[in-house]
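Peer 1: Provided below are the primary sequence and the corresponding predicted coordinates.
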Amino acid sequence: MNIGKSFTFVFDDPDWIKKLVIGGFVAMIPVVNFAAMGYIAKLVRAVSDNPDAPLPEWDNFGDYFSDGFKVIVGLLVYALPAILLMLVFMVIMAAAGGFSDNFNSDTGSALLGGGMFLLQCVIFIYALAISIVIPAAFARFAEVGTIGSMLRFGEIFRFITANPADYIIVLLLSFAVLYLIAPLGVIACLIGVIFTQWWGYLVFGHLTGQLAGKNAMPLNEMM
């Protein structure tokens, strides 16, 4: 994998400023930002086919939006267990509040506090597991283009284990770029982080695309 290229390929495109500005603003607008996810999927697909592929053009917003919507639905399916767990806990807390007069207040507070801590631990572990799967799910979607492709757990597992060392590198670098480097854009006034965060997603897309190219499956294996 050409790690250095993932960090610099954006600036090799003659129109990189225009594409970065459009992407930064699209990514920050609720609902409209579905198109940003579709754009990243297109980038993953392009880099998978050709590691030297330039940034995609912003010339097919409708397709980007449609693909991004599918990606969001797929990710929501992964998040559904955590969401349901939070809802159940909220119901339990509401019920406990209704019966609070029947319990010692200190005991009730301790139980609720312990329950909240346990819930946070479970959700953290589950969120960590989801974050590990995301590059593989993105790569599967980029190749096949369906929500179901993100949920074929056997394929996801084979993708992750095909090149585990490279997969770990993609995870660590993506985390570093999105959560450590990109937020530094806040130094250039708050608007700077809009574009550095989008650049971080482009780096993630390029890294994932390279990995997808190495781990490409024959079509008959995906059926």
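Peer 2: Perfect, thanks for sending it.
Peer 1: before we move on, which element is Ala36 in?
Peer 2: Assigned by DSSP states H and E, Ala36 falls within helix 34-49.
Peer 1: chain center to that helix, what's the gap?
Peer 2: Once both centres are worked out by C-alpha atoms, centre = their mean, to the nearest Å, helix 34-49 turns out to sit 12 Å from its chain's centre.
Peer 1: after that helix, heading C-terminal, what element do we hit next?
Peer 2: Remark: after helix 34-49, the chain's next helix or strand is helix 61-98, criterion DSSP H and E.
Peer 1: go through the next helix or strand after that next one and flag the buried ones.
Peer 2: Proceeding N to C from helix 61-98, the next assigned helix or strand is helix 105-144, under DSSP H and E. Applying a neighbour-count criterion of 16 or more other C-beta atoms under 10 Å, one finds 108, 112, 119, 123, 133-144 buried in helix 105-144. The way it works is simple: take the backbone N, C-alpha and C, and place the C-beta from them, glycine included.
Peer 1: and stretch 194-201, by the same measure?
Peer 2: By 16+ other C-beta under 10 Å, the buried positions in stretch 194-201 come out as Ile194, Phe195, Thr196, Gln197, Trp198, Trp199, Gly200, Tyr201.
Peer 1: where is pLDDT lowest across those residues?
Peer 2: Among the buried residues of stretch 194-201, Ile194 carries the weakest pLDDT, at 74.
Peer 1: isn't that one right next to Gly23, touching?
Peer 2: No. Applying C-beta atoms under 8 Å, one finds Ile194 not in contact with Gly23, separated by 9.5 Å.
Peer 1: what about Thr161, how many neighbours?
Peer 2: 11 (other C-beta atoms under 10 Å).
Peer 1: likewise for the one 4 residues further on?
Peer 2: Using other C-beta under 10 Å, Ala165 has 7 other residues around it.
Peer 1: same question for Met37.
Peer 2: Burial of Met37 is recorded as 25 neighbouring residues (other C-beta under 10 Å).
Peer 1: distance check, the residue most central in space within the chain against Phe65.
Peer 2: Nearest residue to the geometric centre of the chain (C-alpha atoms, centre = their mean): Ile134, 5.5 Å. Distance of Ile134 to Phe65, given as C-beta to C-beta, to the nearest Å: 20 Å.
Peer 1: please apply the same query to Gly154.
Peer 2: 30 Å.
Peer 1: which one's more surrounded, those two?
Peer 2: Neighbour totals were compared for Gly154 and Phe65, and Phe65 leads with 20 against 8 (other C-beta under 10 Å).
Peer 1: show me what the helix or strand bottoming out on mean pLDDT in the chain is packed against.
Peer 2: The weakest-scoring helix or strand in the chain, judged by mean pLDDT, DSSP states H and E, is helix 105-144 (a mean of 81). Judged by 3 or more C-beta pairs under 8 Å, 6 or more residues apart in numbering; DSSP states H and E, the packing partners of helix 105-144 are helix 34-49, helix 61-98, helix 153-162, helix 164-176, helix 189-214.
Peer 1: closest one to Asp12 among those?
Peer 2: Proximity to Asp12 (C-beta to C-beta) singles out helix 189-214 among the helices and strands packed on helix 105-144, at 11.1 Å.
Peer 1: contact partners for Phe7?
Peer 2: Taking C-beta atoms under 8 Å, 6 or more residues apart in numbering, we find Phe7 in contact with Val177, Val203.
Peer 1: do Pro54 as well
Peer 2: Pro54 neighbours (C-beta under 8 Å, 6+ apart): Phe9, Asp12, Asp13.
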